[in-house]
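**Student:** Just a sequence and a predicted model for now, questions to come.
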Amino acid sequence: MSLRLGRLLGVPINVDVSWLVIFALIVYTLAQFYFPQANPSFSTAMNWLAGVIAALLLFASVLLHELMHSYVAKRNGIGISGITLFIFGGVSRMKEEPSTPEVELKMAAAGPATSIVLALLFWWLAVAGGRALLGSFGLGIVRYLAMINLILGIFNLLPGFPLDGGRVLRAILWGSLDSLDRATRYASYIGQGFGYLFILGGFWIMLFGGFLSGLWFVFIGWYLNNAAQQSYQQLVVRRALSGVDVHRVMTTDFPHVDPGISVDTFVHDYLLKYDYAAFPVTKDDALVGIITVDEIRDIPRDQWGERTVGQVAKAPEEERVIDENDDAFDALMHMAEGNLRRLLVMHNTKLQGMVTQDSIINMVRMKMQIGI
């Protein structure tokens, strides 16, 4: 699940909710260990403030790293439908795969190059500004940012997909094997291997007393392993949905519910009769709400005859809307990121259909079964 932050360079920016946990862990680590050791004269309050500021600037560095990927992609004719950020990096949702290994290579190299340039910039600020201009507080933060951006740049160059180094490896394999699918599969296996190595190394460090350091390694390994698996799965799904728009996967034959009927009538004549999870509530062909079992569950049984569907249905504004000509893969990614059960397909305020994850996955499964 992710949270929408806004748009930059025309690209929607989202933050994965797991980032909040990692952000708190980074602030704690900086405030309790890094800054007290780097600047013993800092007070406890200064250490915590420095930790928060440094973590936020680290996030900004990661955002710039990922934006450079998107910039290079757009320069090479690849549309970006959104960016989801993690504290270790991010994922740019490309509307299509790179057309050639050369384009993939340029896109992959842009991120680490940005992090290394940022490391050099912060190092220069530390040297040129020093304590006299930046003060002990500012100098400590700048030194940390120089170090962490260098680490991020080097870390992302590890040849484990979907890290940038793994994408470089995929570009090389793609050029050698002349197959994007095979190159992605092999790069994904290597990425999972790196993930397991980090996890095992983390537990080993924890056994010998380095609990916090080991915990970081375990978390990074878990992230790498899951990201590698999901990246290959996304490629398979994207290929299966190539050329498929929302119109082909949306459901249109669901019954419409009148807002004036009672909840009791809705339960027995619709909810228990039809195999649908959500029902549109319409009046004169205009959508006035959506009703599901979740709304019914909160109503006492003895009130079902008194309450109407129109009184308990969710407003259409609470639902995410998509156009029937949008890409089905983008629709699936929107639902996965927002933990959404469905998307409404609207045209001129009229409901055309609904899209669910199941309807898209069924299309993918069918295409894979018949080999198209």
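**Tutor:** Yep, it's here. Predicted model only: the values in this text are computed from it and were never measured. Numbering: from 1, shown residues only.
**Student:** Can you give me the buried ones in stretch 91-110?
**Tutor:** 91-94, 98, 101, 103-110 (16 or more other Cβ atoms under 10 Å). The C-beta positions use only the backbone N, C-alpha and C, and glycine is treated the same way.
**Student:** any chance of the residues you listed in CSV, plus distance to residue 290, secondary structure and pLDDT?
**Tutor:** Shown next, in CSV, are the buried residues of stretch 91-110 (distance: Cβ to Cβ, whole Å; DSSP: H, G, I helix; E, B strand; the rest coil; pLDDT from 0 to 100):
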residue, distance to residue 290, secondary structure, pLDDT
91, 30, strand, 71
92, 31, strand, 72
93, 26, strand, 72
94, 31, strand, 75
98, 38, coil, 84
101, 45, helix, 92
103, 42, helix, 92
104, 41, helix, 91
105, 46, helix, 93
106, 44, helix, 92
107, 39, helix, 91
108, 42, helix, 90
109, 46, helix, 92
110, 42, helix, 92
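**Student:** Name the nearest of those relative to residue 336.
**Tutor:** residue 93 (10.4 Å; Cβ to Cβ).
**Student:** How much space separates that closest one from residue 149?
**Tutor:** In this view, residue 93 and residue 149 are 24 Å apart by Cβ to Cβ, to the nearest Å.
**Student:** List phi and psi for residue 255.
**Tutor:** phi -80, psi 140 (degrees, to the nearest 10).
**Student:** what's it in contact with, if anything?
**Tutor:** 270, 274, 276, 279 (Cβ atoms under 8 Å, 6 or more residues apart in numbering).
**Student:** Which one (most neighbours) among the residues you listed?
**Tutor:** residue 279 (22 neighbours; other Cβ atoms under 10 Å).
**Student:** circling back: can you redo the buried residues of stretch 91-110 as JSON lines, where the extra columns are distance to residue 312?
**Tutor:** Shown next, in JSON lines, are those (distance: Cβ to Cβ, whole Å):
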{"residue": "91", "distance to residue 312": "38"}
{"residue": "92", "distance to residue 312": "40"}
{"residue": "93", "distance to residue 312": "35"}
{"residue": "94", "distance to residue 312": "41"}
{"residue": "98", "distance to residue 312": "48"}
{"residue": "101", "distance to residue 312": "55"}
{"residue": "103", "distance to residue 312": "51"}
{"residue": "104", "distance to residue 312": "50"}
{"residue": "105", "distance to residue 312": "55"}
{"residue": "106", "distance to residue 312": "53"}
{"residue": "107", "distance to residue 312": "48"}
{"residue": "108", "distance to residue 312": "50"}
{"residue": "109", "distance to residue 312": "54"}
{"residue": "110", "distance to residue 312": "50"}
